[in-house]
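Colleague: starting from these lines, generate the structure:
(2 chains)
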Amino acid sequence: GIQVEQSPPDLILQEGANSTLRCNFSDSVNNLQWFHQNPWGQLINLFYIPSGTKQNGRLSATTVATERYSLLYISSSQTTDSGVYFCAVVNSGGYQKVTFGTGTKLQVIP
Amino acid sequence: DVKVTQSSRYLVKRTGEKVFLECVQDMDHENMFWYRQDPGLGLRLIYFSYDVKMKEKGDIPEGYSVSREKKERFSLILESASTNQTSMYLCASSLATNEKLFFGSGTQLSVL
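Modeller: Residues are numbered from 1 along each chain as shown, chains lettered A, B, ... in the order given. As a prediction, the model looks like this:
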């Protein structure tokens, strides 16, 4: 099946700093989504981004499907950004199921 | 707003018990999913469903079954709970294939 790897696995930021999270996938995909899991376990859908670039406030995401990667940018980080960030893909083969990456655990300190 | 509701936030069961985890969505979504999340292993797909009475195995279906009698409800069943099924269980739904995925708040199941 498709492999999805995220980097870095862990990240500690000072409040106000910027960061880039990366998601690499091993096969062609039909869609890609980014999620934030807060410290209480709730997963929130941040972006649906099979290709191109999208922005939502301090967050933006870019997917380059031909090169099989996606990037999530966090600018001016806040303590509420802490948690785990996952990317998830649906492979473009015949068996369409959502596969999650390994996650990046982010801690933003005041 | 999209709403996916899981029946329990915390659940404690004994080994060998039959366990039902319920998930309800109010958005008329076609697809529903059950994942489990374990430290170091990420989210793994157990079962999913593309329509009423339809089910497909995910990556780790052993020891689980599912039921989807109505479009809005997707149940995960542990026929005989074992300690290695202690985990966080997450339900999700999407309008259709390749649409945005929405999650419930999760059920932390402990099997003693």
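
Colleague: tell me the first helix or strand C-terminal of the host helix or strand of B:W34.
Modeller: In this assignment (DSSP states H and E), B:W34 forms part of strand B:31-38. As assigned by DSSP H and E, the chain's next helix or strand after strand B:31-38 is strand B:42-49.

Colleague: between strand B:31-38 and that following strand, find me the angle.
Modeller: Counting by axes from the mean of the first three to the mean of the last three CA atoms, to 10 degrees, strand B:42-49 points 150 degrees away from the direction of strand B:31-38.

Colleague: neighbouring contacts of strand B:42-49?
Modeller: A:86, A:88, A:97-103, B:31-38, B:55-61, B:64-66, B:68, B:74, B:76, B:90 (CB atoms under 8 Å, 6 or more residues apart in numbering or on different chains). For glycine as for every other residue, the C-beta is placed from the backbone atoms N, C-alpha and C.

Colleague: run the last query once more with 6 Å
Modeller: Identification of contacts with strand B:42-49 by CB atoms under 6 Å, 6 or more residues apart in numbering or on different chains yields A:97, A:100, A:102-103, B:32-37, B:55-56, B:58-61, B:64, B:66, B:68, B:74.

Colleague: cool, stretch B:23-36 as well?
Modeller: Contacts of stretch B:23-36 (CB under 6 Å, 6+ apart): B:2-6, B:43-50, B:72-74, B:76, B:87, B:89-96, B:104.

Colleague: tell me the buried residues in it?
Modeller: Buried residues in stretch B:23-36, counted by 16 or more other CB atoms under 10 Å in any protein chain shown: B:23-25, B:29-36.

Colleague: same question for stretch A:75-82.
Modeller: A:77, A:81-82.

Colleague: CSV please, covering these and showing distance to chain B, pLDDT and secondary structure.
Modeller: Converted to CSV, the buried residues of stretch A:75-82 look like this (distance: CB to the nearest CB, whole Å; pLDDT from 0 to 100; DSSP: H, G, I helix; E, B strand; the rest coil):
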residue, distance to chain B, pLDDT, secondary structure
A:S77, 23, 97, coil
A:D81, 18, 96, helix
A:S82, 17, 96, coil
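
Colleague: the most centrally placed residue in chain B pairs with what?
Modeller: Closest residue to the average C-alpha location of chain B: B:W34 at 3.0 Å, with CA atoms, centre = their mean. Note on B:W34: beta-bridge partners by DSSP bridges are B:Y47, B:C91.

Colleague: quick one: name the residues of chain B near chain A.
Modeller: By CB under 6 Å from any CB of the partner chain, the residues of chain B that approach chain A are B:42-43, B:45, B:97-98, B:100, B:103, B:105-106.
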